[in-house]
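[1] Sequence and predicted model, in that order:
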Amino acid sequence: MLIYIICIPVFLIIISLIVTFHELGHYSVARLFGTRIERFSVGFGKILLRRKDRRGTEWCISALPLGGYVKFAGDENVTSMMPSAEELEASREAITRREGAAAVGEYFHFKPLWQRFLIVLAGPVFNFILAIAIFFVLTAALGQVTSRPTVQVVTAGSPAEAAGLKPRDVILAVEGKAMNTGADVVRAIALRAETPTRITVQRADTTLVLTVTPRRDYLHANGKQLNVKGGVTGVAISETPVARRVSLGQAAVLSVAQTWDVLDTNLTYIGRIFVGKENGDQIGGIVGMTKATGDMTTEIVALKQPWHITLANLLINGVNMMAVISIAVGFLNLLPIPMLDGGHLAFYLWQGVTRKPVSPEIQNAAFRIAVVLVLGLMTFALWNDLNNTGLVKFLGGLFS
């Protein structure tokens, strides 16, 4: 339990770093286009520390370290909702009287539409850049880890046996996607519950393509059953991981591919939810991610290796988790939901096509709906976290 408590501030630091980099995306591109920025805040709520730079931007650290924002000069709030034509004209006149006509072009809402689009897009893009940079450093320093995922045991009566999988089969690909490790196989199969799946295997000197339909059952990790269901085939996989040194160019290619692989996994899972093939029980939030951090820490400490190796493993796994979370943050912010970056981008695309901005009335209505959707998603994720950690079952047992 102590480890989980310790992991809470660690996780908050990771989130704060990710959000800071996200906001630096908005800030950097805005500065590139000469946009005035009133405030850059890491966190929300009460400002704890503040400093104003020579350009007039106030840099702040706020009390709630689970987010952050860039506030452009002239914005009434941090959401940067598009003002009405009347409000824009009144703002233009006020700026002109106060600072002269030349200053108008320095304000965000008077920037060309394409510049505003790129400023907003930069936040999620920086999240992906951060993930690529982390994967690049890890791959360049440690090499590419590969193995030959080999079927060790096939459970009698399992989908794998029905499909013709046999011990010593080497799994090369799932649905045409190369499998480099056993974890790749488990992750790919977990997203294919009750869906016919092509598995390419090497059997002796022959390459075969078998079709297996994974059953939906509880997933396992490190020998422990999880409270999450996904696709399982009934095989045990053995492997011997091997780290292969790669050039910087190869590391760059592999880091981009790894980032896309994580993003593709998220897209695949969300897509299966929309077509009714998944129930969303793998969607998690802060509690689940904090527990994952604690579980990872517990497993590494339990190995009882020399302290410097334990510390190195903790650092590597923590940084790797940071990259995965950064991808999730970038993906979430690209969803076309008002109050998120994707909502603004959707409004800008609409304006670009129709040549008319979205009316404030529609924006406000969409914003209110978005608040309900986001709160609903957060509640759903929290319920999954509590259920998947076993807390719901524990509390239920107290009153049964």
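    Received, thanks. Residues are numbered from 1 along each chain as shown.

[2] From now on I want contacts and neighbour counts done on CA atoms only, so please keep to that.
    Will do.

[3] Buried residues, stretch 124-137. List them.
    For stretch 124-137, the neighbour count (16 or more other C-alpha atoms under 10 Å) marks 124-136 as buried.

[4] To clarify, my last question referred to stretch 141-156.
    Quick answer for stretch 141-156 (16+ other C-alpha under 10 Å): 143-144, 146-151, 153-154.

[5] Extract the CA atoms of that stretch and return them as PDB.
    Taking C-alpha atoms only, stretch 141-156 is exported to PDB below (Å, rounded to 0.1, in the frame of the first residue of the first chain):
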ATOM      1  CA  ALA A 141      20.300   3.700 -25.800                       C
ATOM      2  CA  LEU A 142      18.900   0.200 -25.200                       C
ATOM      3  CA  GLY A 143      18.400  -1.100 -28.800                       C
ATOM      4  CA  GLN A 144      15.400  -2.800 -30.300                       C
ATOM      5  CA  VAL A 145      14.000  -5.600 -28.100                       C
ATOM      6  CA  THR A 146      12.800  -8.500 -30.200                       C
ATOM      7  CA  SER A 147      12.000 -12.200 -29.600                       C
ATOM      8  CA  ARG A 148      10.400 -15.200 -31.200                       C
ATOM      9  CA  PRO A 149       7.000 -15.600 -29.600                       C
ATOM     10  CA  THR A 150       6.700 -19.300 -29.500                       C
ATOM     11  CA  VAL A 151       3.700 -21.400 -28.500                       C
ATOM     12  CA  GLN A 152       4.600 -23.400 -25.500                       C
ATOM     13  CA  VAL A 153       1.300 -24.900 -24.400                       C
ATOM     14  CA  VAL A 154      -2.000 -25.200 -26.200                       C
ATOM     15  CA  THR A 155      -5.000 -25.700 -23.800                       C
ATOM     16  CA  ALA A 156      -7.300 -28.600 -24.700                       C
END
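
[6] What residues does the residue nearest in space to the middle of the chain make contact with?
    In the chain, the centroid-proximal residue (C-alpha atoms, centre = their mean) is residue 328; its distance is 0.9 Å. The contact partners of residue 328, taken as C-alpha atoms under 8 Å, 6 or more residues apart in numbering, are 263, 266.

[7] Equivalent analysis for residue 172, please.
    Neighbours of residue 172 in contact, by C-alpha under 8 Å, 6+ apart: 148-149, 178-180, 199-202.

[8] ok, now with 10 Å
    Contacts for residue 172 (C-alpha atoms under 10 Å, 6 or more residues apart in numbering) come out as 148-150, 178-181, 185, 199-202, 207-209.

[9] where does the stretch 1-150 of the chain dip in pLDDT?
    Where the stretch 1-150 of the chain drops to pLDDT under 70, the residues are 1-7, 76-81.
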